[in-house]
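A.B. asks: quick one: sequence and predicted model below, then my questions.
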Amino acid sequence: MKKLTLSHLGNFSYSLDATVYHIQPRFVEEIADIFAFARENDLKIAPRGAGRSYNDAALKGGGIVLDLSLLRYIQAWDAEKGILRAQPGLTLESLWQYILPDGWWPPVVSGTMKTTLGGCLGMNIHGKNNFKMGTVGEQILEFDAILPNGKEVTCSPRKNKDLFYAMISGMGVLGIFTSITMQMKRVYSGLVNVSEWNVPDLEAQLYALLDGAPRNDYIVGWLDGTARGKSLGRGQIHAANYLAKDEDPDPAETMRVGFQTLPDTFFGVVPKSKLHYLMSLGLSNLGVRAVNTAKYIVGRNKSYQQPHAAFHFLLDYVPDWEKSYGKQGLIQYQSFLPKETALDAWTEMLKLSQKRGLPTYLGVTKRHRPDNFLISHALDGFSLAFDFKITNGNRTKLSEMVQEFDKIVLNAGGRFYFAKNSETAPETARKYLGAETIEKFRKLKERCDPQNLLYSDLYERVFAPLN
Amino acid sequence: MTEINKLPTATPLTPKKRAILVGASSGIGAALAHRLADEGFQVALLARRAEMLENLTNEINSKHGETRAIYYTHDVIDYESVPELLKKIMSDLGGLDAFIYNAGVSFMVGLKKYDFEKDRQTFDVNITGALAWFNPVAEIFQSLKSGQIVGVSSVAGERGRVGNSSYNASKAALTCYLEALRNRLTRHGVNVLTVKPGPVKTDMIKDAKGVLFPISAEQAAGDIFNAMRKRKQEVYTSARWRWIMLIVRNIPSFIFRKMTF
């Protein structure tokens, strides 16, 4: 092993900074050596893909961050059946660029294409089609993994079933994926048909998702967190559908990578790499209110066609958008609520955030369905994600407010997501996951990793105290 | 070496600063440990005297209702153990923002005595022990391009006086070493602070007579913390010693030779 030096690593939202031994293996065989090294030196390990979690999932302060981003080879691709086998460090960006010219698209993608396959599985990500397609885990045919106990395993929905459903969603603390086999989705064009329309309040927003999710391939809502009174929860719905076969007159052209690539400039003038500086000017309570109001007022019912990449990867549209939130970064608070209780709970939460002078600068709503994975965030209902800007002065207020949010969500039978929320208390996790799930997870952890080598800051903060 | 409790990990809304404090069991060290914990730091406390360290740690943790201090018994003349211990503490703390070397001894030898053994002990603790820590810590901070090194030297290092030659010499060496370290590390984003206390009411001066302007350990800790916060390079505590020492440094040798302090 190379000489280890400490370096700083952060999270996606620039709100954490950890001092870690950053190790980037180039060969799968090195992983066993790294386990042995950690064991000998009494160090803990957090696996990391692209580091796109909003919390401490891919960090281990004072320990090893096992960065898998260089294990990124596509090992097999069947362009007839759309089945791909790849190493865990492969990014969604490399993945779609490889398969789209053959007429395939990843069936589930995150809001940024910088994420890695391993990270997507560890957090069992979902997209704007969660209701129709489920999570990324539901697209996985098989994976190989190396466990800290030295065993190498192959898991599928039939083989090593318990590990399959726990390692996907297991936040990287049960083992390291070494090879992932995934089914892709056939597409007949590089474009999607998008329609967007305004919704005047939260009830209309939720109804639009409820009604629209079964009828559209993708659906997502933008929520104006600053609108008050009768307009509370107003926003815009974006729905998208794949083009049918032969609908696109020139699919070879639209499925070219060059056709999909996001433009480098904004309005053809402002270089987008600098755009986050401009955006940071608008990120105050007043600025966001003005921008949101304008966005709502100019919002019209309209339909258009858009490349897949432009529709899915909104977060990549402005490079380094997260920097616009300033030096202290942001937190994202995402809650998942049953469709019966969502309206009341979120009404209460939106009102609370406005009363406290801490309105969300970005609200995003989605429709969900339950899944079979162990650490699941999904349910038959909706999710609402809030972005809050952190300042040196608002930490305490924000912290108190998200604790109150947690109570509201728990009382409404809701759930949370460990790629997003950074402040979830151990007892909150036990309450929504249930004692039985926690116990199952603990037993698997003991079996796969008896010495607790895989021990991210997230695991230490939330799950270790529950054992 | 004992570990008390797990320190809470940082979250975006509860960020943590981490410090190692060597020479923490009493005096300025204990007061600084309290102050750092009061300011939200997580501190690793090191000293020889386990019982005092344990009491101090318990006091700090119960005051805040959470683990903010952990302790390790360590004798600074056990130089070889430092790299391993540092690695362990880094892992337990989960990072490092500041390192403070406060260990120091002073023996009153008397004007008519010459005692090599006491001189050597003074240098072992005040200098060699400091170097054993500064080297690996500086290496880490240089690679991190961040961090703060604090050395508690003394106004005593500014002149060689009749009463305490080796203490004066050891503190002069420490001050000079810290200056060199500062010149090496500033370009890498690391702050090096030299602390020069005048008399502080601690065990070190409890038998001394005729002490000028003594201050409490809490006041010294407050001055040190403020200097750390402002990332200063040098601080006298109390501040009046900057002016007193300006005069003392400039007393001509033919007069200083005749003085008895």
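C.D. replies: Right, received. Where do you want to start?
A.B. asks: so what's residue 259 up against?
C.D. replies: Since no chain was named, I'll use chain A. A:190, A:253, A:307 (CB atoms under 8 Å, 6 or more residues apart in numbering or on different chains). (Each C-beta comes from the backbone N, C-alpha and C, glycine too.)
A.B. asks: nope, chain B
C.D. replies: B:161-162, B:251.
A.B. asks: ok, now how distant is it from B:P199?
C.D. replies: Note on B:M259: its distance to B:P199, by CB to CB, to the nearest Å, is 17 Å.
A.B. asks: please apply the same query to A:A57.
C.D. replies: 51 Å.
A.B. asks: A:V192 now?
C.D. replies: 77 Å.
A.B. asks: higher neighbour count, those two?
C.D. replies: A:V192 (22 against 19; other CB atoms under 10 Å in any protein chain shown).
A.B. asks: just checking, what packs against the helix or strand hosting the more buried one?
C.D. replies: Using DSSP states H and E, A:V192 sits in strand A:191-199. Contacts defined by 3 or more CB pairs under 8 Å, 6 or more residues apart in numbering or on different chains; DSSP states H and E place strand A:191-199 against helix A:202-212, strand A:235-242, strand A:302-307, helix A:308-312.
A.B. asks: a markdown table for those, including mean pLDDT, distance to chain B and mean neighbour count?
C.D. replies: Below are these laid out as a markdown table (pLDDT from 0 to 100; distance: least, CB to the nearest CB, whole Å; neighbours: other CB atoms under 10 Å in any protein chain shown):
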| stretch | mean pLDDT | distance to chain B | mean neighbour count |
| --- | --- | --- | --- |
| helix A:202-212 | 97 | 26 | 20 |
| strand A:235-242 | 97 | 25 | 21 |
| strand A:302-307 | 94 | 33 | 13 |
| helix A:308-312 | 93 | 26 | 21 |
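A.B. asks: of all the ones you listed, which one is nearest A:W77?
C.D. replies: Shortest distance between A:W77 and the helices and strands packed on strand A:191-199, using CB to CB, is found for helix A:308-312: 18.2 Å.
A.B. asks: any part of the next helix or strand after that closest one near chain B?
C.D. replies: On the C-terminal side of helix A:308-312, the closest following helix or strand by DSSP H and E is strand A:330-338. Yes. Using CB under 8 Å from any CB of the partner chain, strand A:330-338 reaches chain B at A:330-331.
A.B. asks: quick one, helices of the stretch 101-250 of chain B?
C.D. replies: With helices called from DSSP state H, counting those that start in this stretch, the stretch 101-250 of chain B shows them at B:116-123, B:129-144, B:165-185, B:217-229, B:240-249.
A.B. asks: three-state assignment of the nearest residue to A:E404 once chain neighbours are set aside?
C.D. replies: Leaving out its chain neighbours, the residue that sits closest to A:E404 by CB to CB, 6 or more residues apart in numbering or on different chains is A:L352, at 6.5 Å. Put simply, A:L352 is helix when judged by DSSP: H, G, I helix; E, B strand; the rest coil.
A.B. asks: just give the number of residues close to the residue lying closest to A:T341 once chain neighbours are set aside.
C.D. replies: Of all residues not flanking A:T341 in the chain, A:A412 sits nearest, at 3.9 Å (CB to CB, 6+ apart). By other CB under 10 Å, 20 other residues sit near A:A412.
A.B. asks: chain center to stretch B:176-185, what's the gap?
C.D. replies: Remark: stretch B:176-185 is offset 16 Å from the chain centroid, using CA atoms, centre = their mean, to the nearest Å.
A.B. asks: check whether that stretch contacts chain A.
C.D. replies: No. Stretch B:176-185 lies out of reach of chain A by CB under 8 Å from any CB, never closer than 15.1 Å.
A.B. asks: then that stretch to CSV, C-alphas only?
C.D. replies: Output in CSV follows, covering the C-alpha atoms of stretch B:176-185 (Å, rounded to 0.1, in the frame of the first residue of the first chain):
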residue,chain,number,x,y,z
CYS,B,176,12.6,30.1,18.4
TYR,B,177,11.4,26.7,17.2
LEU,B,178,7.8,27.9,17.0
GLU,B,179,9.0,30.9,14.9
ALA,B,180,10.8,28.5,12.5
LEU,B,181,7.7,26.3,12.4
ARG,B,182,5.6,29.4,11.6
ASN,B,183,7.9,30.3,8.8
ARG,B,184,7.7,26.8,7.4
LEU,B,185,3.9,26.3,7.8
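A.B. asks: going by neighbour count, list what's buried in it.
C.D. replies: Going by neighbour count (16 or more other CB atoms under 10 Å in any protein chain shown), the buried part of stretch B:176-185 is B:177-178, B:181-182, B:185.
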